[in-house]
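Participant: I would like the atomic coordinates for the input below:
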Amino acid sequence: MALFNRDGEFAPLTSASAISAQAEEQSVEKRRQDVFESHRHRVFSVAFYMSGNELEAERILTETFVQAFQEHARPDASTIDRALVCRLRARFSFATQEPPAVSQPPQHPLLCGGRVNIRRNDLEEQIRNLPPEQRLTFLLRDVEGYPAGKVAELLRLPESQVRRSVISARVNLRNLLAELPEKATEAA
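Facilitator: Numbering: from 1, shown residues only. Presented below is the predicted three-dimensional model:
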């Protein structure tokens, strides 16, 4: 086995240099694995909620990490988030204008502080029924807990638009949940 030396000529590997090269390669692979394990759940969750399909979410997850590692040898959370948003933009159309004003929500116990239990499956299904931009801003802000400024930076939108989109998503989600038959909202 041979490597190039500093002059660009082939130089045979010594056993010590071969061991050192192998150790470095394992170290790089370990760092990549650590980065992947640290962020994969978040990336998959957002991808799944956006696509509603496990296979599609896995594709988005893979493409996100490939892009992140191409951009930086040690991607941080911001690099991974930017790659994720890039992958989502490639798959979903996001409104470029401000979200429409929301209508007054119906009077329902869910909206009036009443105690109504919502099944997780119903909630997840209704999240998928939100328009893509509202869904993504809602997921990043309310599910993942990102500050509105960070969401705005990731989506390259004004912070005020992100705030309006999140509010619209919340109201629309409440409206969608309020339209469910009463039996569907009771605890199982």
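Participant: please make it C-alpha for all contacts and neighbour counts, starting now.
Facilitator: OK.
Participant: following the longest helix seen in the chain, which helix or strand shows up next?
Facilitator: For the chain, the longest helix by residue count, based on DSSP state H, is helix 15-51. Downstream of helix 15-51, the first helix or strand assigned by DSSP states H and E is helix 54-71.
Participant: pull the CA atoms of the following helix or strand past that following helix into PDB?
Facilitator: The first helix or strand that comes after helix 54-71 along the chain, using DSSP H and E, is helix 77-91. Output in PDB follows, covering the C-alpha atoms of helix 77-91 (Å, rounded to 0.1, in the frame of the first residue of the first chain):
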ATOM      1  CA  ALA A  77     -26.600  21.800  14.700                       C
ATOM      2  CA  SER A  78     -27.000  24.900  12.500                       C
ATOM      3  CA  THR A  79     -25.300  23.400   9.500                       C
ATOM      4  CA  ILE A  80     -27.500  20.300   9.900                       C
ATOM      5  CA  ASP A  81     -30.600  22.400  10.300                       C
ATOM      6  CA  ARG A  82     -29.700  24.400   7.100                       C
ATOM      7  CA  ALA A  83     -29.200  21.200   5.200                       C
ATOM      8  CA  LEU A  84     -32.600  19.900   6.500                       C
ATOM      9  CA  VAL A  85     -34.400  23.000   5.400                       C
ATOM     10  CA  CYS A  86     -32.700  22.900   2.000                       C
ATOM     11  CA  ARG A  87     -33.900  19.300   1.600                       C
ATOM     12  CA  LEU A  88     -37.400  20.200   2.700                       C
ATOM     13  CA  ARG A  89     -37.500  23.200   0.300                       C
ATOM     14  CA  ALA A  90     -36.600  20.800  -2.500                       C
ATOM     15  CA  ARG A  91     -39.600  18.600  -1.700                       C
END
